[in-house]
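>>> Need coordinates for the below:
(2 chains)
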Protein chains: 2
Amino acid sequence: MTGKAGASPRSRAAILQAALDLCAERSYAAVTMEAIATRARVGKPTLYRWWPSKGTLILEAVTEQMGEPYFMIPDTGDLAADIRTWMHTVTTIFTDEQLRGIVAGVIGSAQHDPDLAAILHAQVHVSLSERNRERIRAGQERGQLVGLDPYLIEDMLIAPLWYRLLITGRPIDAAYADMVVDAVLNATGRR
Amino acid sequence: MTGKAGASPRSRAAILQAALDLCAERSYAAVTMEAIATRARVGKPTLYRWWPSKGTLILEAVTEQMGEPYFMIPDTGDLAADIRTWMHTVTTIFTDEQLRGIVAGVIGSAQHDPDLAAILHAQVHVSLSERNRERIRAGQERGQLVGLDPYLIEDMLIAPLWYRLLITGRPIDAAYADMVVDAVLNATGRR
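Purely as a prediction, here's the structure:
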């Protein structure tokens, strides 16, 4: 993480909390580095010394608050059930009035912020997605959800939720998540 | 469209061309309203009178250049074949070095630009997606791809391409598009 090396633990905690509080009060777009600095009672240069952009700072604040497992497939041994649990968790995040705006804002900013895109790529796509695909592979070795590439399974499950969040804005709920899971289970030959 | 009513046809064409030229020369993020105004030899206030933001202007420029059918399912009567053609067209757009950056940039900006989000919603999700779902429904009435909701079919086909473009950055190519199409055809019971 960008901020951990340089910031004193106390200032760092204050800054991350200020970022979260501001995200709770206004839209992601309306949160500025200036406002975070003022709220945390530090100088703006301090912020920029530790985080190259608003997106990287807020991503770190959100990641810390949510904890690691928020986007991870659980592991009870029943891959179909674990996938359904995971899709419901992501649905909960994407329907939370505050979190959905922050998540969409961070991904939106990553489209024109190379630093943020690099951090997202390392944290989310390499580390997290790789572990999710490991789960899918492990299930497949036990004979579950065979017949499709693990990358494709992960894409087909999670992409429709992202698509509705970022592009169409159509409703996301547990029933929709279940429809997606059922369709992917059908596509793998499991009925 | 925002710009059509107010702009003289000649200035409008010059502005849209300047926007496209600048997008070809630099990244979407690096194109500014200022630069578009300078290139088109108009004042910046002129631009803002017709387009509320860079995103709306560039969206209009790109939409006009690409023409209407760029994101539409064709209609030859064979839904499975038409879907494959459509997915290959979108793949071509998402792998074009210039277009992929513009498309990702516009969607990224829409996450914190309500005007752009509203225009995208009206143009893309209501008008375009509705016509795509009509195609899917028409095919289903002919007995093709039955068993899944048309919204879900559209999401499951197109969302993985958007997900790779906006989130994971993993490779998009015709082979990947075919894998997605095959999986969705399997999920609808057609093999």
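
>>> can you pull out the strands in chain A?
Secondary structure of chain A (DSSP state E): no strands present.

>>> how is chain A carved up into domains?
Domain segmentation of chain A under automatic domain parsing yields A:2-63, A:67-187.

>>> Which one of those has the poorest average confidence?
Sorting the domains of chain A by mean pLDDT places domain A:2-63 lowest, at a mean of 87.

>>> hmm, it touching chain B?
Yes. Residues of domain A:2-63 are located near chain B by C-beta under 8 Å from any C-beta of the partner chain, namely A:S27, A:Y28, A:A29. Bear in mind the C-beta positions are built from the backbone N, C-alpha and C, glycine included.

>>> Using ChimeraX, make a named selection holding only the buried ones among these.
Buried subset of these, written as a ChimeraX selection, criterion 16 or more other C-beta atoms under 10 Å in any protein chain shown:
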select /A:27,28,29
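
>>> nearest to chain B, of the residues of domain A:2-63 next to chain B?
Comparing the residues of domain A:2-63 next to chain B against chain B with C-beta to the nearest C-beta places A:A29 closest, at 3.2 Å.

>>> Apart from its chain neighbours, what residue comes closest to the closest one?
B:H112 (3.2 Å; C-beta to C-beta, 6 or more residues apart in numbering or on different chains).

>>> again with A:R135
Sequence neighbours aside, A:I73 is the residue nearest to A:R135 in space, at 4.4 Å (criterion: C-beta to C-beta, 6+ apart).

>>> For the one you found, give me phi and psi.
Dihedral angles of A:I73 (phi, psi; degrees, to the nearest 10) stand at phi -70, psi 130.

>>> That one: neighbouring residues, count only.
A:I73: 26 surrounding residues under other C-beta atoms under 10 Å in any protein chain shown.

>>> quick revisit: out of the residues of domain A:2-63 next to chain B, which is nearest to A:D78?
A:Y28 (36.3 Å; C-beta to C-beta).

>>> Now do the same contact list for the closest one.
Residues near A:Y28 by C-beta atoms under 8 Å, 6 or more residues apart in numbering or on different chains: A:I58, A:G101, A:I102, A:A104, A:G105, A:V106, B:Q111, B:H112.

>>> If we ignore the residues flanking it in sequence, what's nearest it?
A:G105 (2.8 Å).

>>> hang on, isn't that neighbour packed against B:Q111?
Yes. Under the criterion of C-beta atoms under 8 Å, A:G105 makes contact with B:Q111 at 5.5 Å.

>>> intersection of neighbour lists for those two?
By C-beta under 8 Å, 6+ apart, the residues touching both A:G105 and B:Q111 are A:Y28, A:A29.

>>> that older thread, for the residues of domain A:2-63 next to chain B, give me a markdown table that also has distance to A:I167.
Below are the residues of domain A:2-63 next to chain B laid out as a markdown table (distance: C-beta to C-beta, whole Å):
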| residue | distance to A:I167 |
| --- | --- |
| A:S27 | 18 |
| A:Y28 | 17 |
| A:A29 | 17 |
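
>>> Please identify which of the residues of domain A:2-63 next to chain B is nearest to A:R142.
A:Y28 (40.6 Å).

>>> For A:A117, see how far away that closest one is.
From A:Y28 across to A:A117, the span is 16 Å (C-beta to C-beta, to the nearest Å).

>>> Can you name the residues that contact A:G101?
If a contact means C-beta under 8 Å, 6+ apart, then A:G101 has A:C23, A:S27, A:Y28 as its contacts.

>>> pretty sure A:L47 is touching A:L57, no?
Yes. Counting by C-beta under 8 Å, A:L57 is a contact partner of A:L47 at 6.8 Å.

>>> Touching both of the two, which residues are there?
By C-beta under 8 Å, 6+ apart, the residues touching both A:L47 and A:L57 are A:I15, A:M33, A:I36.

>>> follow-up on the earlier one: from B:G143, how far off is the residue nearest to A:Y28?
In this structure, A:G105 and B:G143 are 44 Å apart, going by C-beta to C-beta.

>>> And those two? Which one has more around it.
A count of neighbours by other C-beta under 10 Å puts A:G105 above the other of A:G105 and B:G143, at 23 against 9.

>>> quick one: contacts for that one?
A:S27, A:Y28, A:A29, A:G55, A:I58, B:Q111, B:H112.

>>> now those in TSV, with distance to A:M156?
Formatted as TSV, the contacts of A:G105 follow (distance: C-beta to C-beta, whole Å):
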residue	distance to A:M156
A:S27	31
A:Y28	28
A:A29	30
A:G55	27
A:I58	29
B:Q111	23
B:H112	28
